[in-house]
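**Student:** I'd like to go over a predicted model; first the sequence, then the structure.
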Amino acid sequence: MPGIGVDVVDVERMKFALERTPRIRQRLFTEDEIAYCERFRFAERHYAGRWAAKEAVTKALGCGLIQWNGVEVIRRRRRAPSVRIFGKIKSFADMVGVGEEDLYISITHSELSAVAVCVVRREQISG
Amino acid sequence: MPGIGVDVVDVERMKFALERTPRIRQRLFTEDEIAYCERFRFAERHYAGRWAAKEAVTKALGCGLIQWNGVEVIRRRRRAPSVRIFGKIKSFADMVGVGEEDLYISITHSELSAVAVCVVRREQISG
Amino acid sequence: MPGIGVDVVDVERMKFALERTPRIRQRLFTEDEIAYCERFRFAERHYAGRWAAKEAVTKALGCGLIQWNGVEVIRRRRRAPSVRIFGKIKSFADMVGVGEEDLYISITHSELSAVAVCVVRREQISG
C-alpha cells in the first residue's frame, strides 16, 4: 500500500465539466457534498477540491479509482475534513487492513488549482 | 488531529496583494522571513511558499489559522526548512501534545503556484 | 531528515524545455522513463510529474538534488509508482538509514501543473 496520495485538479476544467454536463454532480459527488459545494459562489473550486480528495484517497490505498462515489468527504464546522468510504473501495480497504479512521486528508484550492493529500496512518502507529 | 496539511497559493495573487498593500508583509511574515524573501527577484514566489507553509502547518495541527504570524518558516543554508510556532498556535500545539520538532514541512513553487505540505510525526513514532 | 517532500512543476515550462533542448530527456530521465513518457500524447505532463517526483524524493531525504538521474520512477501496470535510487543519492540514503522500500511517492498532473509528494516511512514504523 502506498500510504500517500496526492491529486491536483484544474479549477477551470472542473468548471467546464460542470457547465457542459450538469449531472456529473450526481455521478461524482454525494448529496451532502453537492449541498456543501453549491453553497459557495465559486462552487467549482470546492468540487475540484473534493474530487482531488477522492483521487488522493484511492491513490493512498493503492486501489485507484475503482468506483465513482466510493469516497465521501465530510466537513464539520471548524473541523478538519474527514473521509467515508463505501462499496468496492471500502472492500479494498478492508482487505488491506485500513479503516476510515486511518485515512487523513487535507484539501486546498486557489483560483487555478485544487490539491488534496491523503496519508494512511494506523492507530498503533500514529498513537 | 489531522496530522497532514496541504496548501496551494497562486503566485499572481500573492504578487497582487504585495503590490496593492505593501504592509501585508509585516502583517503576515516575520522580519527574518521578509529579509529572506526580498533577496529574490521574484519575491512573490517565496512569500507565496511561506504563506502556504503557514496554512499547511495550522491545517496539520487542526487549529486552522487562528493567528497570523504564529508560524515562522526557518531556512538554513543547505538544510530543509523547519518551523517555529508562537502564541495561540503554540498553545494549541501544546494542548494536543505536539512540539515544533514534530512538524515537518516541504515547500515548492513554480511560476504559477506555491504548494506546501506539513506532516506531524512524534519522535516515538518516526524513531 | 525531513521525511516529507513536495514539488510542483509547470507543465508549460517542461514543454518549453523539452522543445528547446530535446536532449534534456537523456540528461534528466532514464531510458525506461523516457519510453514511458513518450507513449503519451501530452508527454510533457508525464515528464513534469516524474521530475516533480525526483525533486520530492531528494527533499524528503534531505539531500536536495545532488545528482541528476539519481532517482528513477518505476511504473507497473495497476500499481502505485515506486522509486529506485542510485549513485550519490543512494549513498546519502544509506548514510541516513533509508532504503528504497521506505520511499513512498504519489504523482499527479493536470493541464497546468504536476505535483509529487514523497514520504519516508521505515518498515518498523508503518508496519
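**Tutor:** Looks like it arrived, so ask away.
**Student:** Next to chain B, which bits of chain A? Give me the list.
**Tutor:** Selection of chain A residues close to chain B by C-beta under 8 Å from any C-beta of the partner chain yields A:6, A:78-80, A:104-119, A:121, A:125-126. In short, each C-beta sits where N, CA and C put it, glycine included.
**Student:** Derive a ChimeraX selection command for the buried subset of the residues you listed.
**Tutor:** Command for ChimeraX, covering only those of those found buried under the criterion 16 or more other C-beta atoms under 10 Å in any protein chain shown:
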select /A:6,80,104,105,106,107,108,109,110,112,113,114,115,116,117,118,119,121,125,126
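**Student:** Next one: A:Thr108 from A:Asp94, what distance?
**Tutor:** Computed as C-beta to C-beta, to the nearest Å, the A:Thr108 to A:Asp94 distance reads 29 Å.
**Student:** and the residues of chain A next to chain B, which of them are in strands?
**Tutor:** Under the assignment DSSP state E, those contribute A:6, A:104-109, A:113-119 to strands.
**Student:** Just flag the most distant two among these.
**Tutor:** Using C-beta to C-beta, those reach their maximum pairwise distance at A:Tyr104 and A:Ser113, which is 20.9 Å.
**Student:** Contacts (any at all) between chain C and stretch A:58-71?
**Tutor:** Yes - Stretch A:58-71 lies within reach of chain C by C-beta under 8 Å from any C-beta, at A:Lys59, A:Ala60, A:Gly62, A:Gly64.
**Student:** what about the strand or helix carrying the second one, average pLDDT?
**Tutor:** If you go by DSSP states H and E, A:Ala60 is part of helix A:43-61. When pLDDT is averaged over helix A:43-61, the result is 96.
**Student:** and the angle for that helix with strand A:103-109?
**Tutor:** Angle between the axes of helix A:43-61 and strand A:103-109 is 150 degrees (criterion: axes from the mean of the first three to the mean of the last three C-alpha atoms, to 10 degrees).
**Student:** Point out the other helices and strands that the very next helix or strand once past helix A:43-61 packs with.
**Tutor:** Reading on from helix A:43-61 to the C-terminus, the next helix or strand found by DSSP H and E is strand A:71-74. Taking 3 or more C-beta pairs under 8 Å, 6 or more residues apart in numbering or on different chains; DSSP states H and E as the contact definition, the neighbouring helices and strands of strand A:71-74 are helix A:31-38, helix A:43-61, strand A:82-85.
**Student:** Strand A:71-74: partners in the sheet, and parallel or antiparallel?
**Tutor:** Listed by DSSP bridges, the sheet partners of strand A:71-74 and their directions read strand A:82-85 (antiparallel).
**Student:** hmm, which two among the residues of stretch A:58-71 next to chain C are most spread apart?
**Tutor:** Put simply, by C-beta to C-beta the two of the residues of stretch A:58-71 next to chain C set farthest apart are A:Ala60 and A:Gly64, 10.8 Å from each other.
**Student:** which one of these two has more residues nearby?
**Tutor:** For A:Ala60 versus A:Gly64, the count of surrounding residues by other C-beta atoms under 10 Å in any protein chain shown is larger for A:Ala60: 27 against 15.
**Student:** List the residues that contact that one.
**Tutor:** With contacts taken as C-beta atoms under 8 Å, 6 or more residues apart in numbering or on different chains, A:Ala60 has the following neighbours: A:Met1, A:Pro2, A:Gly3, A:Ile4, A:Gly5, A:Leu103, A:Cys118, A:Val119, A:Val120, C:Ser106.
**Student:** How much space separates the residue lying closest to it once chain neighbours are set aside from B:Gln26?
**Tutor:** The shortest distance from A:Ala60 to any residue other than its chain neighbours is 3.4 Å, reached at A:Gly5 (C-beta to C-beta, 6 or more residues apart in numbering or on different chains). A:Gly5 sits at a distance of 38 Å from B:Gln26 (criterion: C-beta to C-beta).
**Student:** So for those two, which sits in the more crowded spot?
**Tutor:** Higher neighbour count among A:Gly5 and B:Gln26: A:Gly5, with 31 against 11, using other C-beta under 10 Å.
**Student:** what sits opposite that one in the beta ladder?
**Tutor:** Going by DSSP bridges, A:Gly5 forms beta bridges with A:Cys118.
**Student:** surely it meets A:Cys63?
**Tutor:** No - applying C-beta atoms under 8 Å, one finds A:Gly5 not in contact with A:Cys63, separated by 10.4 Å.
**Student:** For chain A, which element, helix or strand, carries the lowest mean pLDDT?
**Tutor:** Across the helices and strands of chain A, mean pLDDT, DSSP states H and E gives its lowest value to helix A:123-126, namely a mean of 46.
**Student:** these two touch, right, A:Pro81 and A:Ile105?
**Tutor:** Yes - taking contact to mean C-beta under 8 Å, the distance of 5.8 Å between A:Pro81 and A:Ile105 places them in contact.
**Student:** Common neighbours of those two, please.
**Tutor:** When contacts are counted by C-beta under 8 Å, 6+ apart, A:Pro81 and A:Ile105 have A:Ala53, A:Val73 as shared neighbours.
**Student:** show me the contacts for A:Ser110.
**Tutor:** Counting by C-beta under 8 Å, 6+ apart, A:Ser110 touches A:Val11, B:Val8, B:Val9, B:Asp10, B:Arg13, B:Ser113.
**Student:** how about 6 Å then?
**Tutor:** B:Val8, B:Asp10 (C-beta atoms under 6 Å, 6 or more residues apart in numbering or on different chains).
**Student:** next one: A:Gly70
**Tutor:** If you count contacts by C-beta under 6 Å, 6+ apart, A:Gly70 has them with A:Phe86, A:Gly87, A:Lys88, A:Ile89.
**Student:** what are the phi and psi angles of it?
**Tutor:** Note on A:Gly70: backbone dihedrals following degrees, to the nearest 10 are phi -90, psi 0.
**Student:** confidence score at it?
**Tutor:** In this model, A:Gly70 is scored at 92, pLDDT.
**Student:** does the helix or strand harbouring A:Lys88 come close to chain C?
**Tutor:** Per DSSP H and E, A:Lys88 falls inside helix A:87-95. No - counting by C-beta under 6 Å from any C-beta of the partner chain, no contacts exist between helix A:87-95 and chain C, the nearest distance being 12.3 Å.
**Student:** Alright, calling it a day.
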